[in-house]
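Visitor: sequence plus predicted model, see below.
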Amino acid sequence: MRFIGDYSAKIDAKGRVFLPAQLRKVLEAEGEARCILHSDLFQPCLVLYPESLWNEMLDMMRQRFNLWNGTHQNILRKFVATADVVEPDSNGRILINKKKLEYAGISSDVRILAVDDHIEIWDKQKCDDILSKTDSLGDELQALMADMPISL
């Protein structure tokens with residue numbers, strides 16, 4: 001499953017945001033009615049995972065974790081406890097709880113970024129600030145991809 005695009009939206013007074021039709025169509029085509037909403041671990045944004053991808057991530061974590069190890073158990077507990085199951089309503093909106101909105105600094109205007117296999121929900125200004133810093137993108141990609149054989 002692949003998502004692509006950059007969309008603008010607004011959070012309503014109840015904490016709902018309209019999930020763009022293009023993204024809903026991808027989810028529907030894959031039979032994904034439910035998604036998992038999680039706070040990003042590294043950036044001040046929210047991440048929407050199709051439920052099947054979330055389950056794959058949890059399976060991968062369980063393979064690496066020893067549930068008899070207290071540290072591993074606590075990491076898994078924290079990771080899963082902060083997730084919310086969401087499903088678009090009949091109008092295509094998902095509900096975001098207040099804690100998650102506060103974490104991401106979202107109050108009104110949002111940008112929804114389709115990032116390959118997941119969807120990110122950002123405060124518009126924070127997203128604009130991060131994406132405006134693209135002057136080194138070419139250099140970063142070159143450094144990352146230079147050792148990979150790619151034929152054109």
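Guide: Great, that's in hand.

Visitor: find the nearest non-adjacent residue to L46, please.
Guide: Closest residue to L46 apart from its sequence neighbours, by C-beta to C-beta, 6 or more residues apart in numbering: I121 at 4.3 Å. Glycine gets a C-beta too; all of them are placed from N, C-alpha and C.

Visitor: sec struct for K78, please.
Guide: Reducing the assignment to helix, strand or coil with DSSP: H, G, I helix; E, B strand; the rest coil, the entry for K78 is helix.

Visitor: over to L67?
Guide: Going by three-state DSSP, the state assigned to L67 is coil.

Visitor: show me the contacts for it.
Guide: Neighbouring residues of L67 by C-beta atoms under 8 Å, 6 or more residues apart in numbering: Q73, L76.

Visitor: packing partners for the host helix or strand of the residue nearest to L46?
Guide: Using DSSP states H and E, I121 maps to strand 118-123. Using 3 or more C-beta pairs under 8 Å, 6 or more residues apart in numbering; DSSP states H and E as the contact criterion, the secondary-structure elements in contact with strand 118-123 are strand 46-50, helix 98-104, strand 109-116.

Visitor: who does the shortest one pair up with?
Guide: Translated: strand 46-50. Partner strands and pairing direction for strand 46-50 (DSSP bridges) are strand 35-39 (antiparallel), strand 118-123 (antiparallel).

Visitor: TSV for those, including mean neighbour count, mean pLDDT and distance to T71?
Guide: Compiled in TSV, the strands paired with strand 46-50 are given as follows (neighbours: other C-beta atoms under 10 Å; pLDDT from 0 to 100; distance: least, C-beta to C-beta, whole Å):
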stretch	mean neighbour count	mean pLDDT	distance to T71
strand 35-39	20	97	20
strand 118-123	23	97	26
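
Visitor: adding distance to L76, write those strands out as CSV.
Guide: Supplementary listing: these in CSV, determined by distance: least, C-beta to C-beta, whole Å:
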stretch, distance to L76
strand 35-39, 13
strand 118-123, 20
